[in-house]
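Undergrad: Structure here, sequence nowhere to be found:
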Ligand code: SF4
């Protein structure tokens, strides 16, 4: 487990003092947004300008982090996310209490700031770039070949950290698990291979799963809570057989996480249910020009004749509309799935006005008057620091000028140019 306790305001300020020095000397959140965006832009310019003294990987890090930073500072980002990162930095710098900020938030900010300096928690493959040879012809080719050997050795080292499902040991383990589950469920191998048997035996309760798989206490509690709150949940016996029957092994972490929700997820979902919040975070309701079809991309439509799945992925963007795994009645009615007859109204273009006839969605989401899960932020444009463009203080006042050496210049000089980022320690 990662120790997250160190990711707190004190640690963050100690690791990125220059950022918080700027924040402390800025009079408003809008000034801070402008200053940090300018700083990121300058650091990206410096990285590309000094391309011959820093690694490719560092340049890429700086570029990507600068892009993220600049976008985070925009009003567009704040309005879309209904959250102001600049406000959070401002509050941290001024010791204003922010109970809503989590260790994950502090960790993300920290790595963003470090990335702006070309640094990170570890080396990337891009850090191991090939160095152009001083030689030509065969001598250059031999040198390049040696560098490629080194690169391959590093890649191999990383790849072997992960177990492949095709490894003989893994294949044998899967077979043993399958036989074990078949025996406990009194199923034949033919039944096991029959998808209708799998669907008919979806596992939904923590206790029945616990008889087939060693569950961690948090997993057991989360499943029980999910069921108690009516959250969609289910795992097919086949998928369960892909999990290792031990609480300690970490190899199946991703497989478990796909379908077993975390306690925090269950708590948030249950809370949203309690308050009647709509969790249509991908705005399916607003991108469904007619019933049963979502159109979000130019050349792709999502057809939704069946509103459920044999098992429910925790991250599913359709969870807001799915009631349960293989829920009876999830098939669209004949009436709904009949295409409009010729001469009927054409698909209407997207409009901002809500049309229940076109996009019914889940009943929780039908009432557009409802503030939604993030409704408390619906007045984002009236944030205390938000003002109309014309009189926006950010356009009257500017933070550090172009001539400013850049808040992290000192660090950048020593960490970036002086040594390889791999040497940088957090
Ligand atoms: S729709 Fe896709 S993501 Fe959602 S539960 Fe089904 S398989 Fe998983």
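TA: Yep, it's here. Computed from a predicted model, the values in this text were never measured in an experiment. Numbers count the residues shown, from 1 in each chain.
Undergrad: For residue 199, give its distance to residue 326.
TA: As judged by CB to CB, to the nearest Å, residue 199 and residue 326 stand 6 Å apart. For every residue, glycine as well, the C-beta is placed using N, CA and C.
Undergrad: ok, these two, which is more surrounded?
TA: Using other CB atoms under 10 Å as the criterion, residue 199 and residue 326 rank with residue 326 on top: 17 against 14.
Undergrad: and the residue in the stretch 101-250 of the chain positioned nearest to the ligand, which of the three is it?
TA: Closest contact between the stretch 101-250 of the chain and the ligand, by CB to the nearest ligand atom, is at residue 232 (8.0 Å). Following DSSP: H, G, I helix; E, B strand; the rest coil, residue 232 is assigned to coil.
Undergrad: which residues does it contact?
TA: By CB atoms under 8 Å, 6 or more residues apart in numbering, the contact set of residue 232 is 308, 312, 319, 322-325, 327.
Undergrad: TSV for those, including distance to the ligand, secondary structure and neighbour count?
TA: Shown next, in TSV, are these (distance: CB to the nearest ligand atom, whole Å; DSSP: H, G, I helix; E, B strand; the rest coil; neighbours: other CB atoms under 10 Å):
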residue	distance to the ligand	secondary structure	neighbour count
308	8	coil	20
312	5	coil	25
319	7	coil	22
322	7	coil	18
323	12	coil	15
324	11	coil	18
325	8	coil	21
327	12	coil	15
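Undergrad: and the gap between residue 332 and the ligand?
TA: Residue 332 sits 15 Å away from the ligand, taking CB to the nearest ligand atom, to the nearest Å as the criterion.
Undergrad: Let me see the confidence value for the closest residue to that residue other than its chain neighbours.
TA: Distances taken as CB to CB, 6 or more residues apart in numbering put residue 305 closest to residue 332, at 4.9 Å, once the chain neighbours are dropped. As predicted, residue 305 sits at a pLDDT of 90.
Undergrad: wait, what's in contact with residue 305?
TA: Taking CB under 8 Å, 6+ apart as the test, what residue 305 contacts is 292, 331-332, 337.
Undergrad: rewinding a little: need the residues touching each of residue 199 and residue 326.
TA: By CB under 8 Å, 6+ apart, the residues touching both residue 199 and residue 326 are residue 310.
Undergrad: where exactly do the strands run in the stretch 151-300 of the chain?
TA: Taking DSSP state E, counting those that start in this stretch, the strands of the stretch 151-300 of the chain run over residues 293-297, 300-303.
Undergrad: Quick one: the ones you listed as CSV, columns for distance to residue 8 too.
TA: Below are the strands of the stretch 151-300 of the chain laid out as CSV (distance: least, CB to CB, whole Å):
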stretch, distance to residue 8
strand 293-297, 38
strand 300-303, 42
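Undergrad: Of these, which is nearest the ligand?
TA: With CB to the nearest ligand atom, the closest approach to the ligand among the strands of the stretch 151-300 of the chain belongs to strand 300-303: 9.3 Å.
Undergrad: among the contacts of residue 305, which are in helices?
TA: Using DSSP state H, residue 337 are the members of these that sit in helices.
Undergrad: Lowest-confidence entry in the contacts of residue 305?
TA: Within the contacts of residue 305, pLDDT reaches its minimum at residue 337, with 70.
Undergrad: still on that earlier bit, filter the contacts of residue 305 down to the buried ones, ChimeraX style.
TA: Here is the ChimeraX selection string for the buried members of the contacts of residue 305, based on 16 or more other CB atoms under 10 Å:
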select :292,332
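Undergrad: so which of the contacts of residue 305 comes closest to residue 250?
TA: The shortest approach to residue 250 among the contacts of residue 305 belongs to residue 331, at 38.9 Å (CB to CB).
Undergrad: hmm, back to that, pick out the most distant pair among the contacts of residue 232.
TA: Spatial extent of these (CB to CB) is set by the pair 319 and 327 at 12.3 Å.
Undergrad: Which members of the contacts of residue 305 are the farthest-apart pair?
TA: Maximum pairwise distance among those (CB to CB): 10.6 Å, between 292 and 331.
Undergrad: Would you confirm that residue 287 contacts residue 293?
TA: No. Residue 287 is beyond contact range of residue 293, at 9.4 Å (criterion: CB atoms under 8 Å).
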